[in-house]
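# Need coordinates for the following:
(4 chains)
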2 protein chains.
Amino acid sequence: MDNKTVLIVDDEAAIRDMLRVALEMANFRCIEAKNAYEAQVSIVDDLPDLVLLDWMMPEVSGIELLRRWRRNPDTKKIPVIMLTAKAEEESLVKGLDAGADDYISKPFSPRELVARIKTIFRRVASEISDSPISIDEMIMDPSARSVTITGKPVSLGPTEYRLLEFFLMHQNRAFTREQLLNNVWGNNVYIDERTIDVHIRRLRKALEPFGYENYVQTVRGFGYRMAVPE
Amino acid sequence: MDNKTVLIVDDEAAIRDMLRVALEMANFRCIEAKNAYEAQVSIVDDLPDLVLLDWMMPEVSGIELLRRWRRNPDTKKIPVIMLTAKAEEESLVKGLDAGADDYISKPFSPRELVARIKTIFRRVASEISDSPISIDEMIMDPSARSVTITGKPVSLGPTEYRLLEFFLMHQNRAFTREQLLNNVWGNNVYIDERTIDVHIRRLRKALEPFGYENYVQTVRGFGYRMAVPE
DNA sequence: AGCTAATGTGACGTTCACGTGACACTATCT
DNA sequence: AGATAGTGTCACGTGAACGTCACATTAGCT
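All right, here's what the predicted structure looks like:
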């Protein structure tokens, strides 16, 4: 990955080292910060392209840092991946709501880490450039507002289109119904969350004839996710 | 210079102001963008006739933007003039390689700037605007302001003609009514967006007798698109 | 296996976006 | 000046899209 800088924020040197090795293998440039203060300095001075942020830190917690960054226009758009221990799963929700783009739980697989980082970079790039997004044989071309599979057009209503667009921009990440409501419908919406199920159904139905059957997955007790192979 | 729109991309407000003054003196219409994001939005929404692009910008650099534009058919042909500081002369080569049409170094002479812009417009005008566009059996000859299908002339009002011309220049791209208003009618227009529907209707009606029935497509909840087979 | 909560699914009434023709007003031409 | 073509707005009709509900099905538990 050319020219991308990743800021690693974690108080344990061992973890930082592991992350740095994995990232440098994948050709990312790394900066490290061992506490909130260093992180704050680095994010304004170095403007990294992405931040790996440990959740549990002494003094100032990760979520506090994250909130602060999201409030500042200069750092608002920098993607943040949270590092959490298995046991902290409940704080995940808070983290995602605070604006984290993804999370990795420790212990992590280096390969997975790099894959997720790349996904996020792809997403960020495509948010700006509205270049076509493709998975397998499906191509979504935002500028044409069209979706095709093996060249054949997929018929989607406006809502299904936006839903699919959102899923494609955040592949392999699960969303609660509330999050979907906020991001696909718009923030001031008063509809029944179960309505989402129906639109999920309609989206699945539209993709089904093309053999895209297990892409929109339900995450029981949580929400939905768009899974894409490897 | 009548009707030409110039997009100014620079993060410094002072520079933008100077450029705007110079350009408006010469009767260009100006749009401004203070970062890569705004520039990207503007170039797809407003489709300016020319871009003045600052080289040194935080986040996404000018060269990155330029490369992206050159890859997209819709923006590929929009001429770009780079703004560079004296000290950055070496990056000139890269910029010209990436597809910049010209460059101006800061501090610039307003007179020189306008002169170069006019030169580029003259060149582009002779290169592009007169060459006939054809899809299937339809031929639009801009220099003659005529459209024929299998040799037979198509009767179009001025507005329908401009609408068709715009669609032909951006095939397979969907536009909102607002975008059509900005690009076909002109930017300072106060008419009802639904009026566009009527003109779409008139355009369709004019093409229909020739068997061109599904070319002007409606994109529900969004706008319209001119689709051309493969 | 049986139970329960969560999700899948088809149907239905309503709303809303778009298509379409008519009409009045304006600009342009003879 | 009168005629004609072009344009913007409106009113009405139609079909698509949406949200909700009722009921079927499934997953995950004990």
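# what about residue A:189, which helix or strand?
According to DSSP states H and E, residue A:189 maps onto no helix or strand at all.
# Report pLDDT for it.
Among the per-residue scores, residue A:189 shows a pLDDT of 78.
# Could you do residue A:204 as well?
The model's pLDDT for residue A:204 equals 97.
# Also the one 10 residues further on?
Reported pLDDT at residue A:214 in the predicted model: 89.
# That one - that's part of a helix, no?
No: read with DSSP: H, G, I helix; E, B strand; the rest coil, residue A:214 is coil and lies in no helix.
# measure it to residue A:179 for me?
21 Å (Cβ to Cβ, to the nearest Å). For the C-beta atoms, the positions are set from N, CA and C on the backbone; glycine is no exception.
# Neighbour count: those two, which is higher?
Between residue A:214 and residue A:179, counting by other Cβ atoms under 10 Å in any protein chain shown, residue A:179 is the more crowded of the two (18 against 9).
# Give me the three-state assignment for that one.
At residue A:179, secondary structure determined by three-state DSSP is helix.
# near DNA strand D, which residues of chain A?
Within chain A, the positions near DNA strand D by Cβ under 7 Å from any atom of the strand are A:157-160, A:185, A:190-192, A:194-195, A:198-199, A:202, A:220.
# ok, 10 Å please
For chain A, the contact set with DNA strand D under Cβ under 10 Å from any atom of the strand comprises A:155-163, A:181, A:184-186, A:189-199, A:201-203, A:218-221.
# near chain B too, which of the residues you listed?
A:157, A:158 (Cβ under 8 Å from any Cβ of the partner chain).
# Can you go through the residues of chain A next to DNA strand D and name the buried ones?
With burial judged by 16 or more other Cβ atoms under 10 Å in any protein chain shown, the buried subset of the residues of chain A next to DNA strand D is A:156, A:159, A:160, A:161, A:162, A:163, A:181, A:184, A:185, A:196, A:199, A:203.
# Where does pLDDT dip in chain A?
A:1-3, A:44-45, A:57-59, A:71-74, A:76, A:86-99, A:122-131, A:186-188, A:230 (pLDDT under 70).
# among the residues of chain A next to DNA strand D, which are within reach of DNA strand C?
Among the residues of chain A next to DNA strand D, DNA strand C is touched by A:158, A:193-199, A:201-202, A:218-221 when using Cβ under 10 Å from any atom of the strand.
# For chain B, state which of these is nearest.
Each of those was checked against chain B using Cβ to the nearest Cβ; the closest is residue A:158, at 3.3 Å.
# in terms of contact, does the closest one touch residue B:174 like I think?
No: contact between residue A:158 and residue B:174 fails when scored by Cβ atoms under 8 Å: they sit 11.7 Å apart.
# Can you report phi and psi for the closest residue to residue A:108 other than its chain neighbours?
Computed as Cβ to Cβ, 6 or more residues apart in numbering or on different chains, the closest residue to residue A:108 that is not its neighbour in sequence is residue A:83, at 7.5 Å. Here is the backbone geometry of residue A:83 (degrees, to the nearest 10): phi -110, psi 120.
# and if you look at residue A:34?
phi -100, psi 0.
# That one reaches residue A:13, doesn't it?
Yes: using Cβ under 8 Å, residue A:34 is in contact with residue A:13, at 7.2 Å.
# Settle it for me: which of the two has more neighbours?
Comparing residue A:34 with residue A:13 by other Cβ under 10 Å, the one with more neighbours is residue A:34, at 16 against 10.
# Quick check: which element contains residue A:119?
Going by DSSP H and E, residue A:119 is part of helix A:110-129.
# Would you map out the domains in chain A?
Chain A breaks down into these domains under automatic domain parsing: A:5-127, A:130-226.
# got a list of what the residue lying closest to residue A:203 once chain neighbours are set aside touches?
With Cβ to Cβ, 6+ apart as the criterion, residue A:203 has its nearest non-adjacent residue at 4.7 Å, and that residue is residue A:160. With contact taken as Cβ atoms under 8 Å, 6 or more residues apart in numbering or on different chains, residue A:160 is in contact with A:199, A:202, A:203, A:206.
# Kindly reformat the residues you listed as CSV containing secondary structure.
Listed next are the contacts of residue A:160 as CSV, based on three-state DSSP:
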residue, secondary structure
A:199, helix
A:202, helix
A:203, helix
A:206, helix
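# With distance to residue A:27 added, can I get those residues in a markdown table?
Formatted as a markdown table, these follow (distance: Cβ to Cβ, whole Å):
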| residue | distance to residue A:27 |
| --- | --- |
| A:199 | 40 |
| A:202 | 41 |
| A:203 | 36 |
| A:206 | 39 |
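# re the thing from before, could you dump the domains of chain A to a markdown table with distance to residue B:21?
Formatted as a markdown table, the domains of chain A follow (distance: least, Cβ to Cβ, whole Å):
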| stretch | distance to residue B:21 |
| --- | --- |
| domain A:5-127 | 27 |
| domain A:130-226 | 32 |
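# What about the buried ones among the residues of chain A next to DNA strand D, which are in helices?
Counting by DSSP state H, these place A:159, A:160, A:161, A:162, A:163, A:196, A:199, A:203 in helices.
# biggest separation within these, which pair?
Farthest pair in those (Cβ to Cβ) is A:161 and A:196. Separation: 14.9 Å.
# Now for residue A:200, how many residues are close by?
Around residue A:200 there are 20 residues (other Cβ under 10 Å).
# got it, and residue A:226?
21.
# for the residue lying closest to it once chain neighbours are set aside, what are its contacts?
The shortest distance from residue A:226 to any non-neighbouring residue, by Cβ to Cβ, 6+ apart, is to residue A:167 (3.4 Å). Residues near residue A:167 by Cβ under 8 Å, 6+ apart: A:216, A:224, A:225, A:226.
# Switch those residues over to a markdown table; also include secondary structure.
Shown next, in a markdown table, are these (three-state DSSP):
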| residue | secondary structure |
| --- | --- |
| A:216 | strand |
| A:224 | strand |
| A:225 | strand |
| A:226 | strand |
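# right, and residue A:138 touches residue A:206 too?
No: judged on Cβ under 8 Å, residue A:138 makes no contact with residue A:206 at a distance of 11.2 Å.
# any residues in contact with both of those two?
residue A:154.
# Number of residues surrounding the residue lying closest to residue A:210 once chain neighbours are set aside?
Nearest residue to residue A:210 in three dimensions, chain neighbours excluded: residue A:149, at 4.2 Å (Cβ to Cβ, 6+ apart). By other Cβ under 10 Å, the residues close to residue A:149 number 18.
# same thing with residue A:101?
20.
# again, but for residue A:53
28.
# ditto for residue A:24
By the criterion of other Cβ under 10 Å, residue A:24 has 12 neighbours.
# In which helix or strand does it reside?
Going by DSSP H and E, residue A:24 is in helix A:13-25.
# Name the residues that touch that helix?
A:6, A:8, A:10, A:30, A:32, A:34, A:52, A:54, A:83, A:106, A:110, A:113-114, A:117.
# what about 7 Å?
Contact with helix A:13-25 is made by A:6, A:8, A:10, A:30, A:32, A:52, A:110, A:113, A:114, as judged by Cβ atoms under 7 Å, 6 or more residues apart in numbering or on different chains.
# Take it, keep the C-alpha atoms, and write them as PDB.
Coordinates of each C-alpha in helix A:13-25 appear next as PDB, following Å, rounded to 0.1, in the frame of the first residue of the first chain:
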ATOM      1  CA  ALA A  13       5.200  -1.800  23.600                       C
ATOM      2  CA  ALA A  14       4.800  -5.500  22.700                       C
ATOM      3  CA  ILE A  15       1.500  -4.900  21.000                       C
ATOM      4  CA  ARG A  16       2.900  -1.900  19.100                       C
ATOM      5  CA  ASP A  17       5.700  -3.900  17.900                       C
ATOM      6  CA  MET A  18       3.500  -6.700  16.600                       C
ATOM      7  CA  LEU A  19       1.300  -4.200  14.800                       C
ATOM      8  CA  ARG A  20       4.300  -2.400  13.300                       C
ATOM      9  CA  VAL A  21       5.800  -5.600  12.000                       C
ATOM     10  CA  ALA A  22       2.500  -6.600  10.400                       C
ATOM     11  CA  LEU A  23       1.900  -3.200   8.800                       C
ATOM     12  CA  GLU A  24       5.400  -2.700   7.500                       C
ATOM     13  CA  MET A  25       5.200  -6.100   5.900                       C
END
